[in-house]
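# I'd like to go over a predicted model; first the sequence, then the structure.
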Amino acid sequence: MDIIQILKEDYQRFPANQTYSIYAEDVYFQDPLNKFRGVKLYKLMIKFIETFFLNPKMDLHDIQQEADTIKMKWTLNWNTPLPWKPHISIPGWSELRLNSDNLIVSHIDYWNCSRLDVVKQHLFPLKSR
């Protein structure tokens, strides 16, 4: 199975049962809140999402590969376990870089909103959600 198909399937069941074998042991990960190296820390981050977030869902809108780069557009949704259980939605995109063994060595996530926007979603939920 090719890496694009694996990623599509992983995103459909995110955050459960992710395929960590497609990542290099020393994979570099970065998003607006985190920056670290290593598949073990990546697994811990996904486990945190699976444990702490309510109803996490990753909608994959587009995935493209050019040579050693994969670009994906997505929206991450969840409910935060606060008494009012606000619905949070972060649209964004990822850039993944592959090594010669076709393993992901870099996974950088970008958000189409600011960290402040995410805080505001917790405090001022939109009625349209």
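Perfect, thanks for sending it. A quick note: this is a predicted structure, and the numbers were derived from the prediction, not measured.

# tell me the pLDDT of residue 128.
Reported pLDDT at residue 128 in the predicted model: 47.

# same thing with residue 1?
What the model reports as pLDDT for residue 1 is 67.

# likewise residue 61?
Predicted confidence (pLDDT) for residue 61: 98.

# so what does it have for phi and psi?
Dihedral pair for residue 61: phi -100, psi -30, per degrees, to the nearest 10.

# what distance do you get for the closest residue to it other than its chain neighbours to residue 96?
Nearest residue to residue 61, sequence neighbours excluded (Cβ to Cβ, 6 or more residues apart in numbering): residue 73, at 4.4 Å. Backbone N, C-alpha and C define where each C-beta goes, glycine included. Going from residue 73 to residue 96 by Cβ to Cβ, to the nearest Å gives 13 Å.

# so between those two, which is more surrounded?
Neighbours per residue (other Cβ atoms under 10 Å) separate residue 73 from residue 96, with residue 96 holding more: 22 against 16.

# got the contact list for the more buried one?
69, 70, 71, 72, 104, 106, 107, 108 (Cβ atoms under 8 Å, 6 or more residues apart in numbering).
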